[in-house]
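J.: Give me coordinates for this.
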Amino acid sequence: MLPQTMMRRPQVYDELRYSDYQPKRRVGQKSLDPYSQLIKEVTTRMVRGADGVNVQPHQYHSKDVLPCKHLLEKPISAVAPKWVHTMYCIDPAKQGPMQVRRQRPMFSSLCWTPEGKRMVTGTTRGEFTLWHGTSLASEMRLESTAGHNDACITSVVWCKGADFMLASDDKGNIKYWAPNMNEMKTKTLKSKIKEVSASPNSAKFACCSDDGYVRVFDTKTAKEERKLLGHGGDVTTTHWHPVKNLLASGSQDKKALLYDPRTAQRISSLLGHSAPVTKVRWAPHEHWLLTASKDTFIKLYDVRKMTEVHTFTSHYKDVTAIDWHPVHRNLFASGGADGDINYWLVGEGEVKRGTEGKGSLCKPVSSVYRAHTYLSRPAPVVAMEWHPQGHCVVTLDARESKVWTHNKPGESEEAKGGDVPLPTFEPARDDDGAHQKWNVWSAPQTRQAAAEGKPEPAARGDEPPKAEAAGQQEVRPAPAPRPAPLFDDGDNEILRREDPDRDARDRPADVPAPFDERDRGGAKGGKGAGGWGEEWDMWGG
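T.: Purely as a prediction, here's the structure:
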């Protein structure tokens, strides 16, 4: 036997209390507590995936979505196919949407303020409208008498460093506007100005006109310093590089040119388009230049090698608007005369790899079909611009402005932002696979019989023909119903040959049959007037 001192009862853990346990820790010793991180993970409901941490796919977790600058590895999260709001071009005289087509002001340009709190739109009658950046409500309207005097505002740009706005019109005026929409200064040219672009520090600005020149001005004195030559037609667009001293322009002569605005020297010519160039835009973070044209193509050039990198094709009409995302380097949006809005990721959606000297052919990662329409017809997208934070994009057509944003977690991609699913046009089928026929006249009776618990009556015109005398066999049963064509006016002779009883089945019982159908049986070996013949000769032979 063991001694009494070794026969102690072993301690049972169930009898121990948590309060009896006192951790032995020295004074000033640091502790490691991971529970705060675990609690944060549980409360935010993040899901780990191959591309990092994702939000749970439910609309409740929309509050957990981070801004675009924290999701640089996920540019697809910034794609904005969801419609949010529509702003209409208002007539100041009627205080509502215009009814008269000739006098209606139409949108022509827009720009965001640098902080994204306000948006400014210009019209074809020289009017400005200031919109709130969050509520999207109209805050102030500047009439044409105090603006550009019934001239079409072709371009609006906000100078970031100088805290004022530049606006140009088709009468050759360039006006300076303060943040409170007071006119500060005016510069007048002899030609129609198409677009204005400011330098990165807003010390200079450039404008293009229909006389074939690109001019560089000093912002402080409004004095012309350089005149850039090289185009053989109207210069339709120009854009200053956001970081460097590079100026790009596009013209009706199908060329896009690069200039050094300090020396007025032409650096390179890009000859990739087969139609007039409509827009040129520099990427905000890269050495990339986008060019859009009326040949329905968008081309991406690397200015370090002066080579074409990609060709983006999805529009079937002129590409009229393009804009880079302000945060994600390889994301941009485009709009065209077909009313569509496409979103593209550089390097994604590649269909055909390019050869030497030609870029790869790419497709969009997301599209909004017929985003802008008028009277069921596509409305050309006049202008578009991303919000400085990158969470939404605004597009303009002549009559309305639309705001688009990204989908909430768990939502699928939507065509125009509507939550109602599109109707299906697939006809219903019976158990044996035959098409069911929808009889307009029997539908109310069927619903009434179902409500009263009675058996469903047969549809008129679908029952087989009855024999004339008792005990007489039917010559032939009624043929199985077949789907009618979409646009059938009832006079299709080919269908009549294949199915001579088609008209009798589709006609309600209270409508008398036409003369040629009542005498159909007597044409060839039939049962007489109103009977069912073995064969019907449409020529009466």
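J.: who does the host helix or strand of residue 197 pair up with?
T.: Using DSSP states H and E, the element containing residue 197 is strand 193-198. Pairing partners of strand 193-198, with direction, according to DSSP bridges: strand 204-209 (antiparallel).
J.: With only the CA atoms kept, save the strand it pairs with in CSV.
T.: The C-alpha trace of strand 204-209 is given here as CSV (Å, rounded to 0.1, in the frame of the first residue of the first chain):
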residue,chain,number,x,y,z
LYS,A,204,-2.0,78.2,-67.6
PHE,A,205,-4.9,77.0,-69.6
ALA,A,206,-5.4,75.8,-73.2
CYS,A,207,-8.3,76.0,-75.5
CYS,A,208,-9.1,74.6,-79.0
SER,A,209,-11.2,76.1,-81.6
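J.: Show the average pLDDT along it.
T.: Strand 204-209 comes out with an average pLDDT of 94.
J.: and if you look at stretch 157-164?
T.: 84.
J.: Span of that stretch from start to end?
T.: From its first residue to its last, stretch 157-164 covers 9 Å (Cα to Cα, to the nearest Å).
J.: Can you tell me the element residue 339 falls in?
T.: Counting by DSSP H and E, residue 339 is part of no helix or strand.
J.: and it, what pLDDT?
T.: 94.
J.: related to what we said a few turns ago, what residues does the strand holding residue 197 touch?
T.: The contact list for strand 193-198 (Cβ atoms under 8 Å, 6 or more residues apart in numbering) reads 154-157, 159-160, 166-170, 172-174, 204-210, 219, 234-240, 247. Where C-beta positions appear, they are placed from N, C-alpha and C, glycine not excepted.
J.: Which ones among those lie within strands?
T.: When DSSP state E is applied, the contacts of strand 193-198 are split such that 154-157, 159, 166-169, 173-174, 204-209, 235-240, 247 fall in strands.
J.: For PyMOL, write a command that selects the buried ones of those residues.
T.: Buried members of the ones in strands among the contacts of strand 193-198, defined by 16 or more other Cβ atoms under 10 Å, are picked up in PyMOL with:
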select buried, resi 154+155+156+157+159+166+167+168+169+173+174+204+205+206+207+208+209+235+236+237+238+239+240+247
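J.: in the stretch 1-150 of the chain, what spans have low per-residue confidence?
T.: For the stretch 1-150 of the chain, the stretches with pLDDT under 70 are 1-33, 44-53, 91-103, 144-147.
J.: just to revisit the earlier point, now the angle between strand 235-240 and the strand holding residue 197, please.
T.: 0 degrees (axes from the mean of the first three to the mean of the last three Cα atoms, to 10 degrees).
J.: Strand 193-198 versus strand 153-159: what angle between them?
T.: Going by the same axes, to 10 degrees, strand 193-198 makes 0 degrees with strand 153-159.
J.: any low-confidence regions in the stretch 401-541 of the chain?
T.: 412-541.
J.: give me that answer again for 80
T.: 411-541 (pLDDT under 80).
J.: Excluding chain neighbours, what is closest to residue 248?
T.: Spatial nearest neighbour of residue 248, excluding adjacent residues (Cβ to Cβ, 6 or more residues apart in numbering): residue 280 at 4.5 Å.
J.: what about that neighbour, how many residues close to it?
T.: 28 (other Cβ atoms under 10 Å).
J.: what does residue 377 give?
T.: 8.
J.: Look up which residues are beta-bridged to it.
T.: Counting by DSSP bridges, the residues bridging with residue 377 are residue 374.
J.: in what helix or strand does residue 216 lie?
T.: Assigned by DSSP H and E, residue 216 belongs to strand 214-218.
J.: following that strand, which helix or strand comes up?
T.: By DSSP H and E, the next helix or strand past strand 214-218 is strand 224-228.
J.: Check which strands are paired with that next one and give the direction for each one.
T.: Per DSSP bridges, strand 224-228 is paired in its sheet with strand 214-218 (antiparallel).
J.: What mean pLDDT does the partner strand get?
T.: On average, strand 214-218 scores 94.
J.: In PDB, please show the C-alpha coordinates belonging to it.
T.: Extracted as PDB, the C-alpha positions of strand 214-218 are listed here (Å, rounded to 0.1, in the frame of the first residue of the first chain):
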ATOM      1  CA  VAL A 214      -4.700  75.200 -79.900                       C
ATOM      2  CA  ARG A 215      -3.900  78.300 -77.900                       C
ATOM      3  CA  VAL A 216      -2.200  78.500 -74.500                       C
ATOM      4  CA  PHE A 217      -3.100  81.400 -72.200                       C
ATOM      5  CA  ASP A 218      -1.800  82.800 -68.900                       C
END
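J.: Give the buried residues for that strand.
T.: Buried, per 16+ other Cβ under 10 Å, within strand 214-218: 214, 215, 216, 217.
J.: Quick check: bridge partners of the third one?
T.: Using DSSP bridges, the beta-bridge partners of residue 216 come out as residue 206, residue 226.
J.: That one is in contact with residue 208, isn't it?
T.: No: the criterion here is Cβ atoms under 8 Å, and residue 216 misses it with residue 208 at 10.8 Å.
J.: circling back: got a list of contacts for the strand holding residue 216?
T.: Contacts of strand 214-218 (Cβ under 8 Å, 6+ apart): 174, 187, 189, 203-209, 223-228, 231, 235, 238, 247, 249, 259, 261, 264.
J.: Between its first and last residues, how far does stretch 143-150 reach?
T.: End to end - Cα to Cα - stretch 143-150 spans 9 Å.
J.: got it, and stretch 300-313?
T.: Span of stretch 300-313 from end to end, Cα to Cα: 12 Å.
J.: model confidence over it, on average?
T.: Computed over stretch 300-313, the average pLDDT equals 91.
J.: tell me which residues in it are buried?
T.: Within stretch 300-313, the residues that qualify as buried are 300, 301, 303, 308, 309, 310, 311, 312, 313, counting by 16+ other Cβ under 10 Å.
J.: just stretch 326-341 next, same as before
T.: Those would be 326-328, 330-341, for stretch 326-341 by 16+ other Cβ under 10 Å.
J.: helix or strand for the residue nearest to residue 248, which one?
T.: strand 277-282.
J.: counting contacts, what elements does that strand pack onto?
T.: strand 235-240, strand 247-251, strand 288-293, strand 319-324 (3 or more Cβ pairs under 8 Å, 6 or more residues apart in numbering; DSSP states H and E).
J.: so where do the strands sit in the stretch 301-450 of the chain?
T.: Secondary structure of the stretch 301-450 of the chain (DSSP state E, counting those that start in this stretch): strands at 307-313, 319-324, 331-336, 341-345, 350-352, 360-362, 366-368, 373-374, 377-378, 383-386, 392-396, 400-405.
J.: partners of the first one, with directions?
T.: Each strand pairing with strand 307-313, determined using DSSP bridges, is listed with its direction: strand 297-302 (antiparallel), strand 360-362 (parallel).
J.: So what touches stretch 275-286?
T.: Counting by Cβ under 8 Å, 6+ apart, 233, 236-242, 246, 248-256, 288-295, 318-324, 326, 329, 332 sit against stretch 275-286.
J.: returning to what we had before: and the strands paired with strand 307-313 as TSV, adding distance to residue 345?
T.: Formatted as TSV, the strands paired with strand 307-313 follow (distance: least, Cβ to Cβ, whole Å):
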stretch	distance to residue 345
strand 297-302	12
strand 360-362	9
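J.: okay, the strand holding residue 280 in CSV with CA atoms only?
T.: Provided in CSV are the C-alpha atoms of strand 277-282 (Å, rounded to 0.1, in the frame of the first residue of the first chain):
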residue,chain,number,x,y,z
VAL,A,277,-11.4,62.3,-83.1
THR,A,278,-14.1,63.4,-80.5
LYS,A,279,-12.3,63.2,-77.1
VAL,A,280,-8.8,62.8,-75.7
ARG,A,281,-8.1,62.1,-72.0
TRP,A,282,-4.9,61.6,-70.0
